[in-house]
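1. The sequence isn't on hand, but the structure is:
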């Protein structure tokens, strides 16, 4: 084997390892981030029902936690997914805080549903399944 | 804008590395699948360059995948001739001693004009001068002329000529090419003497200086006409 062939072989193995790592990391990051968003959304919904409204400490702190968690996850997700595809989730999370201040339950619920929808859609869109491959 | 500059630099380096990894091939030497690969790589590389919202990784991952697939296909082609023929096709004889093989022409989707053009490109203007014409897998036509139309070689004429040797470049654009000194088995003093002979005072004034095994020197100073002269044959120059 010549030096160039060794170079080729080693490079191909390094590239293959990189690809596998990127795919694994992407899968974990996306599923963690989106499941965390969905989890928070269901918690907020329960808190709304329990407290009969949105202008209370529990919903407020859950929304803040959701925002914090999303911002930290978004930073990592930006390395691997198109920024435009995930920005809607961030926009709707920001809106939630304003709706709490205005006590607008209707709009709050719409935004919450949208966040759930976006995260589910994106989770489905990112998954390696037969439909997505074709 | 700075983001774009950095991203373009990263992608450029990666694409350069990937092309290097795939080996040196000119456009005309590429097999069909290699040409397709080159076009896809060029297209994929521009996506993260032009769109800042697309992560660089989203552009790099398909490139890496293509290179891996290319490697697998190349290795498979080397291992299996059948697979190689499936991927790249086989060379096809389109002109044989009986003339044009129309069936082969139809299979290759070629016209008579394409054949005559390719034959002319090979330096033969009459089809009867051609013994065989072969369509290679890279799309080029190889033409084998009938012996009476083949150009005469030194061997045919049974002449004795000086063995040709590759000229070695010793100075290029005012700089001594040190790695070539060892090939020619000469030192810097030797170059200085050659330059003196050509009325060039300093190495930095020399545009090019070459010498071959027979001692033929070609030298040109910046802004001047070239000079050639003979010196003692080097003898030790590697061919």
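-> Structure received. From a predicted model like this one, the values you see are computed outputs, not experimental measurements.

2. and after the helix of greatest length in chain A, which helix or strand comes next?
-> As assigned by DSSP state H, the longest helix anywhere in chain A is helix A:3-51. Proceeding N to C from helix A:3-51, the next assigned helix or strand is helix A:57-77, under DSSP states H and E.

3. Is that next one in proximity to chain B?
-> No. Using Cβ under 8 Å from any Cβ of the partner chain, helix A:57-77 never reaches chain B; the gap is at least 9.1 Å. Any C-beta I mention is one placed from the backbone N, CA and C, and that applies to glycine too.

4. now the angle between helix A:57-77 and the longest helix of chain A, please.
-> Following axes from the mean of the first three to the mean of the last three Cα atoms, to 10 degrees, one obtains 170 degrees for the angle between helix A:3-51 and helix A:57-77.

5. gap between the two ends of stretch B:196-214?
-> In stretch B:196-214, first residue to last residue: 20 Å (Cα to Cα, to the nearest Å).

6. So which other helices or strands are in contact with the one helix or strand in chain A whose mean pLDDT sits lowest?
-> Within chain A, no helix or strand scores below helix A:130-133, which has a mean of 72 by mean pLDDT, DSSP states H and E. Counting by 3 or more Cβ pairs under 8 Å, 6 or more residues apart in numbering or on different chains; DSSP states H and E, the packing neighbours recorded for helix A:130-133 are helix A:105-126.

7. Might you report the residue contacts of whatever residue of chain A ends up closest to chain B?
-> Distances between chain A and chain B by Cβ to the nearest Cβ are smallest at residue A:83, namely 4.2 Å. For residue A:83, the residues meeting the contact criterion (Cβ atoms under 8 Å, 6 or more residues apart in numbering or on different chains) are B:53-55.

8. Pick the one among those closest to chain A.
-> residue B:53 (4.2 Å).

9. Check for me that that closest one belongs to a helix.
-> No. Counting by DSSP: H, G, I helix; E, B strand; the rest coil, one finds residue B:53 to be coil, located in no helix.

10. separation between the residue of chain A closest to chain B and residue B:56?
-> Using Cβ to Cβ, to the nearest Å, one obtains 12 Å as the distance from residue A:83 to residue B:56.

11. before we move on, back to that, relative to residue B:152, which of the contacts of residue A:83 is nearest.
-> Looking at the contacts of residue A:83 and their distance to residue B:152, the nearest is residue B:54, at 60.9 Å (Cβ to Cβ).

12. Run a quick check on residue B:200 versus residue B:207, I expect a contact.
-> No. The criterion here is Cβ atoms under 8 Å, and residue B:200 misses it with residue B:207 at 9.4 Å.

13. Tell me how far residue B:187 lies from residue B:2.
-> Taken as Cβ to Cβ, the span from residue B:187 to residue B:2 is 49 Å.

14. So if I had to pick from these two, which one is more boxed in?
-> Remark: of residue B:187 and residue B:2, residue B:187 carries more neighbours, 11 against 6, as counted by other Cβ atoms under 10 Å in any protein chain shown.

15. so what's the more buried one up against?
-> Applying Cβ under 8 Å, 6+ apart, the residues near residue B:187 are residue B:181.

16. do the same with residue B:19
-> Contacts of residue B:19 by Cβ under 8 Å, 6+ apart are residue B:41.

17. what are the phi and psi angles of it?
-> phi -60, psi -40 (degrees, to the nearest 10).

18. still on that earlier bit, the longest helix of chain A - contacts with which helices or strands?
-> helix A:57-77, helix A:105-126, helix B:2-21, helix B:56-79.

19. gap between whichever strand or helix holds residue B:183 and the chain center?
-> Using DSSP H and E, residue B:183 sits in helix B:178-184. Mean-position distance between helix B:178-184 and its chain equals 23 Å (Cα atoms, centre = their mean, to the nearest Å).

20. For stretch B:79-87, which outside residues touch it?
-> The set of residues external to stretch B:79-87 that reach it, using Cβ under 8 Å, 6+ apart, is B:31, B:33, B:73, B:76-78.

21. re the thing from before, which residues are common contacts for residue B:200 and residue B:207?
-> residue B:221.

22. average model confidence for stretch B:91-99?
-> Averaged over stretch B:91-99, pLDDT sits at 91.

23. Can you pull the poorly scored residue ranges out of chain B?
-> Residues of chain B meeting the criterion pLDDT under 70: B:24-29, B:235-239.

24. Show me how the record splits it into domains.
-> By the assignment in automatic domain parsing, chain B contains the domains B:2-85, B:92-149, B:168-230.

25. Output those domains as CSV; include the columns distance to residue A:2.
-> Putting the domains of chain B into CSV (distance: least, Cβ to Cβ, whole Å) gives the following:
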stretch, distance to residue A:2
domain B:2-85, 12
domain B:92-149, 23
domain B:168-230, 20
